[in-house]
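A.B. asks: Sequence and predicted structure, then a few things I'm wondering about:
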Amino acid sequence: MIILQIEHKVPNFDAWKKAFDNDPINRNKSGVRRYRIFRPIDDPNYVIIDLEFNNVHDAESILAALRKLWVHVEGKVIVNPQSRILETVETMEYK
């Protein structure tokens, strides 16, 4: 499994979540299989997003689209976005 992990500050979580839910990059049709949103317990204005893909090509394409989008929303909806593409090496579940 390939994961595009994104993290950044948000001036207002509710405004950011509304923008995320509007889905300007069309996650479903762009190869995103699943996403998870995290917030640190001690910082509700910081988000970490994992977008899961079947392949690296789709992750790279979405990242390119996001970078174009970030130019327009940097400082308004998000602050200092960071990203990385990860490969799942191992997963273990415990009861």
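C.D. replies: The structure has been received and is ready for your questions. Residues are numbered from 1 along each chain as shown.
A.B. asks: Next one: Gly75 from Val10, what distance?
C.D. replies: 11 Å (CB to CB, to the nearest Å). Backbone N, C-alpha and C define where each C-beta goes, glycine included.
A.B. asks: More neighbours: the two, which one.
C.D. replies: Residue environment comparison for Gly75 versus Val10 gives the larger neighbour count to Val10, 20 against 9, counting by other CB atoms under 10 Å.
A.B. asks: What separation do you get for that one and Ser83?
C.D. replies: Counting by CB to CB, the gap from Val10 to Ser83 is 15 Å.
A.B. asks: just so I have it, where are all the helices in the chain?
C.D. replies: Per DSSP state H, the chain carries helices over the ranges 13-22, 56-73.
A.B. asks: elements contacting the longest one?
C.D. replies: Read it as helix 56-73. Using 3 or more CB pairs under 8 Å, 6 or more residues apart in numbering; DSSP states H and E as the contact criterion, the elements in contact with helix 56-73 are strand 2-9, strand 46-53, strand 79-87.
A.B. asks: What lies in contact with the last one?
C.D. replies: It stands for strand 79-87. Applying CB atoms under 8 Å, 6 or more residues apart in numbering, the set of residues contacting strand 79-87 from outside is 1-11, 56, 59-60, 63, 66, 70, 74.
A.B. asks: repeat that for 10 Å
C.D. replies: Strand 79-87 has contacts (CB atoms under 10 Å, 6 or more residues apart in numbering) with 1-11, 45-53, 56, 59-60, 62-63, 66-67, 69-70, 73-74.
A.B. asks: Nothing else from me, thank you.
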